[in-house]
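Undergrad: Next input, structure requested:
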Amino acid sequence: MQPSARRLRFPRRSGLRATIATIAAAATLAACGGGGGDNSTGLPAGCQVTSVSVGPDTLSVVVGETKDLFAAFSGVNCTAGLSVTWNTSNASALSLQPAGNVAHVTGRAIAAEPVSVTASLGGVSGASQVMVRPPPTIKLTPETLTFNAVRNGPSPQSKAVSITNAGGGTLSQLSAGNTAYGPGANGWLLVQSLFLNPTAPSTLNIVPTNTTLSAGTYTATVPIASPVATNSPKNITVLFTITGGSAP
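TA: Numbers count the residues shown, from 1 in each chain. Sure thing, here's the model as predicted:
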């Protein structure tokens, strides 16, 4: 007598299809980071970032000045409302205030090397190199003017002082203040401030106009000011020497 054959039982076709569908769905969710998005990157399901850029790619700010950086990204199946994460390589030189895909950066201290400001999204990053420079500084060339004249003779020729920026940024709103005279006499100096360019580089012409003074050396100072300069006001010193000549 032959043993009876055992019958193999397979899942019903409908149950098999359900099992296959469940496995496929699980694989799809795993590839996209799960049903609620990729927990490691914070991206929505199916979003893949391909590039992040920061503009401008190079920037210069002076200490105390604030400028903006802008981030943009490209990706597949990503919404436009995503925001990057901002970081700075030197927080002591450059402070960073994120505002979505804009970063307000403020110079805090002079940096010998550029500070890297990075925007990151979905494991992809872009950066801008920011140089932090000293504030505007007034430089006068020369700082002292010397004039000579004979008493009751012609006035000397005018001389020019060059005003330049020895720091960073823009040296603007330049002005020549009231002349301060030393002992002996007042009002003998003409400062042609009407022709002063308010933004450096600039030039200021100066000339003594009174040669009737008694023989001797007279002094005056002309302040050059700018509200954005670290060394404002910076003084021009004028020496005017009268010699000999006949009495009036």
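
Undergrad: show me where this protein has helices.
TA: Secondary structure of the chain (DSSP state H): helices located at 13-31.

Undergrad: Who are the contact partners of the most centrally placed residue in the chain?
TA: Compute the mean C-alpha point of the chain, and by CA atoms, centre = their mean the closest residue is V61, 1.6 Å away. Contacts here follow CB atoms under 8 Å, 6 or more residues apart in numbering; on that basis V61 touches 67, 94, 105-107, 130-133. To be clear about C-beta, it is placed using only N, CA and C from the backbone, and glycine gets the same treatment.

Undergrad: Redo the residues you listed as CSV? Include distance to L239.
TA: CSV is the format used below for these (distance: CB to CB, whole Å):
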residue, distance to L239
K67, 43
L94, 45
V105, 46
T106, 43
G107, 39
V130, 45
M131, 40
V132, 40
R133, 35
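
Undergrad: Restricted to strands, list the residues you listed.
TA: Using DSSP state E, the members of these that fall within strands are 67, 94, 105-107, 130-133.

Undergrad: Who is the residue nearest to the centre of the chain paired with across the strands?
TA: When bridges are called by DSSP bridges, V61 pairs up with V132.

Undergrad: And this protein, split by domain according to the record?
TA: Recorded structural domains for the chain (assignment: automatic domain parsing) are 51-133, 138-243.

Undergrad: a markdown table for these, including mean pLDDT and distance to A45?
TA: Formatted as a markdown table, the entries for those read as follows, by pLDDT from 0 to 100; distance: least, CB to CB, whole Å:
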| stretch | mean pLDDT | distance to A45 |
| --- | --- | --- |
| domain 51-133 | 96 | 8 |
| domain 138-243 | 97 | 47 |
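
Undergrad: Which one of those domains lies nearest to G42?
TA: The stretch from the domains of the chain with the least distance to G42 (CB to CB) is domain 51-133; that distance is 7.7 Å.

Undergrad: Distance to L43 added to the domains of the chain, as a markdown table?
TA: Below are these laid out as a markdown table (distance: least, CB to CB, whole Å):
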| stretch | distance to L43 |
| --- | --- |
| domain 51-133 | 5 |
| domain 138-243 | 39 |
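
Undergrad: T211 touches A149, doesn't it?
TA: Yes: with contact defined as CB atoms under 8 Å, T211 counts as touching A149 (4.7 Å).

Undergrad: can you list residues touching both of the two?
TA: 155, 242.

Undergrad: from memory A180 sits against T221, does it?
TA: Yes: at 4.8 Å, A180 counts as touching T221 under the criterion of CB under 8 Å.

Undergrad: Which among the ones in strands among the contacts of V61 count as buried?
TA: Among those, those scoring as buried are 94, 105, 107, 130-133 (criterion: 16 or more other CB atoms under 10 Å).

Undergrad: would a markdown table of those with distance to Q192 be doable?
TA: Listed next are these as a markdown table, based on distance: CB to CB, whole Å:
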| residue | distance to Q192 |
| --- | --- |
| L94 | 41 |
| V105 | 41 |
| G107 | 35 |
| V130 | 40 |
| M131 | 36 |
| V132 | 37 |
| R133 | 31 |
